[in-house]
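K.L.:
what follows is a predicted structure for the sequence shown.
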Amino acid sequence: MRIGAAGQPVTQSRGAAPVAVSVRRIALIAAVLTWLGPFTIDTYSPSLPAIVVAFDAKPSLVQLTLTSALVGLVIGQLVIGLVSDRVGRRMPILVSLCLFLLACVACVLAPSIPVLIAARFVQGLTASAGVSMARAIGRDVFDGGELAAFYSRLAAATAVAPVVGPVLAGVLLEVTGTWRSIFVMIAALGVVAFVLVRFALPETHSPAVRSTHRQDPTTLPTVRVLRQRTIVVSAVLMACVSGMILSYLAGTSFLLQNRFGLSPAAYSAIFAVNAVGLVVFSRANARFVLRWHPAAIATVGISIMLAMGASLAVAFLLGAPVWVLLPMFFVLLSAYGIVNPNVIAMGMGVDRSQAGAAAATLGVAQYSLGALTAPLIGFAVAGPLPTMVYAICGYGIVALTVALVEGPRLRRVVSWQPGPVLRR
């Protein structure tokens, strides 16, 4: 594959009918599609206490609205990744986006917590198309170091969503006085994504590559992917570091607003500042991969995240004020910016015919531990050591152990070389 100048057409030469695409257009559409995930999960986090009051429900029950969305994201990515390897990327995305908009309407009109939980499940199920397909499209078009750079820039663009989403949500909550307006905003993003895919995204998964996927009909695509040790290791790392971040997300809303008395707008502002660190580190990672292997960078990032988890534990036990905790949250989220894109790049370094299955595997890993952990986070917010901190430290220990044990092998077997995309 040859990469032209920035913004110029790129020819995907594999397959009977080469596909000409624009680097910038693909990056823009992939970023918007990926926004569906964090917008579905992060954006309404400032409204969790308001939903508790609106339905007179327990915080642990309201946390299930987050859990159901995460479960939907897990299941949806598994299904759509496999389907897209056989039929292409565009049609599954368009169908999913239509259903996503209907789920948003159901969230806006939800008369009770059970209905909201069900609607959130469908919302996560359909939003998964954006997350999974953005990664698969990148693998359709890029290779090696170019792929790592693409995922770094995609992570940086995606990190803007936690900046914009919660801030707008906090403002909407204070201006409109209702959490329902937040789901109207989420639906607006779905409309934008649908228009971009429908009118600006070419089919990147060529028929010839799809035929390669069908050559072994006796083995399930997921089984073929899971036979590759690198993908399994990447999935374990993805599950653990995402579990750390989703524990942070599920816990800080109640912690900062209920325990420390911050307003929804103040919480959103803090969330935005933390996400800026994620953007900066993700952008910097596109340069780091010029000099260091993705496995080495990921190990450093995981070490930083675990160090922040341990620091939070000590701070909470000593009764530290909120201004001591906030810098630790900032570094924790920032370090994720040099872990996430490198773990994805290593896991997605498969044959293009398996890109959808690989993206699905990583997607399932990314949200599975978060879905299991989120309901438990609300139980011990008021204790000396919040459940969130136990989860961050526990997942961090597992992630760092795997990274240290498997790191040398990953550096040997994972192809890594900077390409023209990285140099320009």
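P.N.:
Ah, there it is.

K.L.:
CA only for contacts and neighbour counts going forward, please
P.N.:
Fine.

K.L.:
ok, which stretches of the stretch 201-350 of the chain are helices?
P.N.:
Read by DSSP state H, counting those that start in this stretch, the stretch 201-350 of the chain holds these helices, from start to end of the chain: 207-213, 221-226, 229-254, 264-288, 294-317, 322-336, 340-347.

K.L.:
let me know the pLDDT of Arg2.
P.N.:
pLDDT, the model's per-residue confidence, is 36 for Arg2.

K.L.:
actually Ala382, sorry about that
P.N.:
Ala382 carries a pLDDT value of 54.

K.L.:
can you redo the helices of the stretch 201-350 of the chain as TSV with distance to Ala136?
P.N.:
Putting the helices of the stretch 201-350 of the chain into TSV (distance: least, C-alpha to C-alpha, whole Å) gives the following:
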stretch	distance to Ala136
helix 207-213	13
helix 221-226	14
helix 229-254	14
helix 264-288	19
helix 294-317	19
helix 322-336	21
helix 340-347	11
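
K.L.:
least reliable of the ones you listed by average pLDDT, please.
P.N.:
When the helices of the stretch 201-350 of the chain are ranked by mean pLDDT, helix 207-213 comes last with a mean of 60.

K.L.:
for Ser96, which non-adjacent residue is closest in space?
P.N.:
Nearest in space to Ser96, with sequence neighbours left out and distances taken as C-alpha to C-alpha, 6 or more residues apart in numbering, is Thr126 at 5.0 Å.

K.L.:
and that neighbour, how far from Ser282?
P.N.:
When C-alpha to C-alpha, to the nearest Å is applied, the distance between Thr126 and Ser282 equals 26 Å.

K.L.:
what's the closest of the helices of the stretch 201-350 of the chain to Gly170?
P.N.:
Proximity to Gly170 (C-alpha to C-alpha) singles out helix 264-288 among the helices of the stretch 201-350 of the chain, at 4.8 Å.

K.L.:
which parts of that closest one are buried?
P.N.:
Using 16 or more other C-alpha atoms under 10 Å as the test for burial, helix 264-288 gives 264-272, 274-286, 288.

K.L.:
chain center to it, what's the gap?
P.N.:
If you compare the mean C-alpha spot of helix 264-288 with that of the full chain, they lie 14 Å apart, counting by C-alpha atoms, centre = their mean, to the nearest Å.

K.L.:
which ones are touching Ser311?
P.N.:
Met328 (C-alpha atoms under 8 Å, 6 or more residues apart in numbering).

K.L.:
could we number from 39 for the rest of this?
P.N.:
Sure, I'll start numbering at 39, so the last one becomes Ser349.

K.L.:
isn't the residue nearest to Ser134 up against Phe138?
P.N.:
Yes. Between Thr164 and Phe138 there is a contact under C-alpha atoms under 8 Å: 5.2 Å.

K.L.:
which one of those two is surrounded by more residues?
P.N.:
Comparing Thr164 with Phe138 by other C-alpha atoms under 10 Å, the one with more neighbours is Thr164, at 31 against 27.

K.L.:
pull the contacting residues for Ser166.
P.N.:
Ser166 makes contacts with Leu74, Gly75, Gly110, Leu111, Val112, Gly114, Gln115, Ile118, as judged by C-alpha under 8 Å, 6+ apart.

K.L.:
which of the residues you listed fall in helices?
P.N.:
Using DSSP state H, the members of those that fall in helices are Leu74, Gly75, Gly110, Leu111, Val112, Gly114, Gln115, Ile118.

K.L.:
for Leu407, which non-adjacent residue is closest in space?
P.N.:
Using C-alpha to C-alpha, 6+ apart and skipping the chain neighbours, the partner closest in space to Leu407 is Gly281 (5.3 Å).

K.L.:
so that neighbour touches Leu410, yeah?
P.N.:
No. In this structure, Gly281 is not within contact of Leu410 by C-alpha under 8 Å, at 9.0 Å.

K.L.:
so the nearest residue to Ile118 once chain neighbours are set aside versus Ile376, what's the distance?
P.N.:
Nearest in space to Ile118, with sequence neighbours left out and distances taken as C-alpha to C-alpha, 6+ apart, is Ala167 at 6.3 Å. Going from Ala167 to Ile376 by C-alpha to C-alpha gives 24 Å.

K.L.:
how about Arg297?
P.N.:
When Arg297 is compared with Ile376 (using C-alpha to C-alpha), they lie 31 Å apart.

K.L.:
what about those two, which has more around it?
P.N.:
Looking at Arg297 and Ile376 with other C-alpha under 10 Å, you find the greater number of neighbours at Ile376, namely 31 against 14.

K.L.:
the more buried one touches Asn323, doesn't it?
P.N.:
Yes. Taking C-alpha under 8 Å as the contact criterion, Ile376 and Asn323 are neighbours in contact, 5.7 Å apart.

K.L.:
residues shared between the contacts of the two?
P.N.:
By C-alpha under 8 Å, 6+ apart, the residues touching both Ile376 and Asn323 are Ser190.

K.L.:
the longest helix in this protein is where?
P.N.:
The helix of greatest length in the chain, counted in residues with DSSP H as the criterion, is given as helix 182-214.

K.L.:
tell me which other helices or strands that one touches.
P.N.:
Using 3 or more C-alpha pairs under 8 Å, 6 or more residues apart in numbering; DSSP states H and E as the contact criterion, the elements in contact with helix 182-214 are helix 61-79, helix 151-179, helix 218-238, helix 302-326, helix 378-385, helix 458-461.

K.L.:
before I go, just wanted to say thanks for your time.
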